[in-house]
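Engineer: Sharing a model prediction with you, sequence too.
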Amino acid sequence: MQRLLITGISGGHGRLLAQRLRGSCEIVGVDRTPWEGRPKDITVHLADLRSHRVEDLFRRERPDAVVHLGLIRHDFDAILRHDVNVVATKRLLQYCADYGVEKVVVSTSSYVYGALPENPFYMDEDTALNVSRHYPEIRDLAEVDTLATAFLWRYPNIATAILRPVSTLGSNVQSSIGAYFKLPYVPTILGFDPLMQFIHESDLAEAMVAALERGARGVFNVVGPGAVPLGVAIREAGGTAVSLPEPLALFLLDRLFRYGWFPVPADAADFVKYPCTIDGRRFREATGFTPLLSLEETLQSVRI
């Protein structure tokens, strides 16, 4: 790997990955927003992934590898979100095929499985993607995952890895679950305390590096150091759980999210009701990846 292109490089995941790989390859990034204070040896192109300028970038830079992190979540207009996530990803993957990219890593989320009462513990990669049933705000995340999986089988000469990491915590990455755990009083649903998994942002960066270095090919769950009940996770992260009856909790979540006062929409409430735990053995066997930070360190990182 001589030249790596990172989409969404100005975000937390992109910056961490770029800094981790500095010196080992030439790093080029593309993002809609600038990376303030970026190292001088990292080139960042300002462009929307939907723009044809991205194809020009592939034509000029000829990257050997691409890590696609330029996805957006529920805090955007639905049409814009779908265009950036699904339409732009489809174009990006085609550019990878057209311009000789050898390795592709696409990071989605374990959320694509959905949180359902009938979920088994520790789902493997062959489990159906059901997030659209109860969480339409990230339906397009499952579409991106499906697009990348089709690309994987269509182009067997390209080492394509689709990573489905568990909830990511840390001080650099902005996420709904991180904002949720930063609240001093964390609302939960009365009568529910699901088992949850987390991974530290730096460990996820290491997982991406492992996928690149090993030329991993396939769909992989990426897990952290363990699993704990939600109530324990909230306590270890320094918050206080406040259990509310479900109708009241959903009403409050909906109103607060609409006015921008709460980081998680009401549709995401199933993820604090039902389990969405995954099995990470396939990725561990393919790459040898093992998280470096403990579960305690991972949970405490949200307050740093």
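Structural biologist: Yep, it's here. Residues are numbered from 1 along each chain as shown.
Engineer: C-alpha from now on. contacts and neighbour counts both.
Structural biologist: Noted.
Engineer: Leu163 - that's part of a strand, no?
Structural biologist: Yes. Secondary structure of Leu163 (DSSP: H, G, I helix; E, B strand; the rest coil): part of a strand.
Engineer: Contact partners for Arg284?
Structural biologist: Thr290 (C-alpha atoms under 8 Å, 6 or more residues apart in numbering).
Engineer: any idea how far Asp270 is from it?
Structural biologist: 28 Å (C-alpha to C-alpha, to the nearest Å).
Engineer: now swap in Pro34 and tell me
Structural biologist: Pro34 is 35 Å from Asp270, by C-alpha to C-alpha.
Engineer: and these two? which has more neighbours close in?
Structural biologist: Using other C-alpha atoms under 10 Å as the criterion, Pro34 and Asp270 rank with Asp270 on top: 19 against 16.
Engineer: Quick check: the more buried one touching Tyr111?
Structural biologist: No. Using C-alpha atoms under 8 Å, Asp270 is not in contact with Tyr111, being 10.7 Å away.
Engineer: all strands for the stretch 51-200 of the chain, in order.
Structural biologist: Secondary structure of the stretch 51-200 of the chain (DSSP state E, counting those that start in this stretch): strands at 65-68, 103-107, 159-165, 167-169, 185-189, 195-200.
Engineer: Throw these into TSV and include distance to Ile304, mean pLDDT and mean neighbour count, thanks.
Structural biologist: Putting the strands of the stretch 51-200 of the chain into TSV (distance: least, C-alpha to C-alpha, whole Å; pLDDT from 0 to 100; neighbours: other C-alpha atoms under 10 Å) gives the following:
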stretch	distance to Ile304	mean pLDDT	mean neighbour count
strand 65-68	27	98	24
strand 103-107	25	98	25
strand 159-165	22	98	24
strand 167-169	11	95	25
strand 185-189	17	91	18
strand 195-200	13	97	24
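Engineer: can you list the ones you listed in CSV and add distance to Thr298?
Structural biologist: Putting these into CSV (distance: least, C-alpha to C-alpha, whole Å) gives the following:
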stretch, distance to Thr298
strand 65-68, 24
strand 103-107, 19
strand 159-165, 14
strand 167-169, 6
strand 185-189, 18
strand 195-200, 5
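Engineer: Indicate which one of those is closest to Arg15.
Structural biologist: Ranking the strands of the stretch 51-200 of the chain by their distance to Arg15 (criterion: C-alpha to C-alpha) puts strand 65-68 first, at 12.0 Å.
Engineer: Quick one: list the elements packing against that closest one.
Structural biologist: strand 3-7, strand 103-107 (3 or more C-alpha pairs under 8 Å, 6 or more residues apart in numbering; DSSP states H and E).
Engineer: Paired strands for that strand, with orientation please.
Structural biologist: strand 3-7 (parallel), strand 103-107 (parallel) (DSSP bridges).
Engineer: JSON lines for those strands, including distance to Leu248?
Structural biologist: Below are the strands paired with strand 65-68 laid out as JSON lines (distance: least, C-alpha to C-alpha, whole Å):
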{"stretch": "strand 3-7", "distance to Leu248": "40"}
{"stretch": "strand 103-107", "distance to Leu248": "34"}
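Engineer: mind listing what the residue nearest to Ala142 when sequence neighbours are not counted touches?
Structural biologist: Nearest residue to Ala142, sequence neighbours excluded (C-alpha to C-alpha, 6 or more residues apart in numbering): Val112, at 5.3 Å. Going by C-alpha under 8 Å, 6+ apart, Val112 touches Leu129, Asn130, Val131, Arg139, Leu141, Ala142, Arg164.
Engineer: List the residue ranges of the stretch 51-200 of the chain that fall below the pLDDT cut-off.
Structural biologist: Within the stretch 51-200 of the chain, the segments meeting pLDDT under 70 span 74-76, 133-134, 136-137.
Engineer: try 90 this time
Structural biologist: 72-82, 84, 130-140, 172-180, 182-184 (pLDDT under 90).
Engineer: Mind jotting down where the helices sit in it?
Structural biologist: Secondary structure of the stretch 51-200 of the chain (DSSP state H, counting those that start in this stretch): helices at 53-61, 78-82, 88-98, 139-154, 176-182.
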